[in-house]
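Peer 1: Here you go, sequence then predicted model.
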Amino acid sequence: NYLTEILNAVRVYEVAKETPLVRAPMLSERFGCEVLVKREDMQPVFSFKIRGAYNKIAQLNAKERAAGVVACSAGNHAQGVALSC
């Protein structure tokens, strides 16, 4: 179930950092409300993609892990996969 998936995802913090929410003053002024941005650019691979890649790889069983992982990306997702392996 979804709650179990969320609780299992906590392991992502073995590689990911908790990043801050930061107020975006120009957007807040433009839209007339407080706009916060999540600073995922502060992750080791500079994006949130580490979270999904790590969660998926961490949940592989031994046989799946032994078969290997391929990332069809040269960008942030591939960096997340590489860091997760």
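Peer 2: Received, thanks. In this text, all values refer to a predicted model and were calculated from it rather than measured experimentally.
Peer 1: What's the end-to-end length of stretch 52-66?
Peer 2: 20 Å (CA to CA, to the nearest Å).
Peer 1: what comes up buried for that stretch?
Peer 2: Buried residues in stretch 52-66, counted by 16 or more other CB atoms under 10 Å: Ala53, Tyr54, Asn55, Ile57. In this view, the C-beta of every residue, glycine as well, is placed from N, C-alpha and C.
Peer 1: What of stretch 13-32?
Peer 2: So, applying 16+ other CB under 10 Å, buried residues of stretch 13-32: Val15, Ala16.
Peer 1: and that stretch, what's its mean pLDDT?
Peer 2: Averaged over stretch 13-32, pLDDT sits at 92.
Peer 1: Can you tell me the element the residue nearest to the spatial centre of the chain falls in?
Peer 2: By CA atoms, centre = their mean, the chain has its centre lying nearest to Arg51, at 2.4 Å. Arg51 is part of helix 49-58, with elements assigned from DSSP states H and E.
Peer 1: Next SSE downstream of that helix?
Peer 2: helix 62-67.
Peer 1: do you know how far Glu23 is from Glu40?
Peer 2: Actually, residue 23 is Arg rather than Glu. 16 Å (CB to CB, to the nearest Å).
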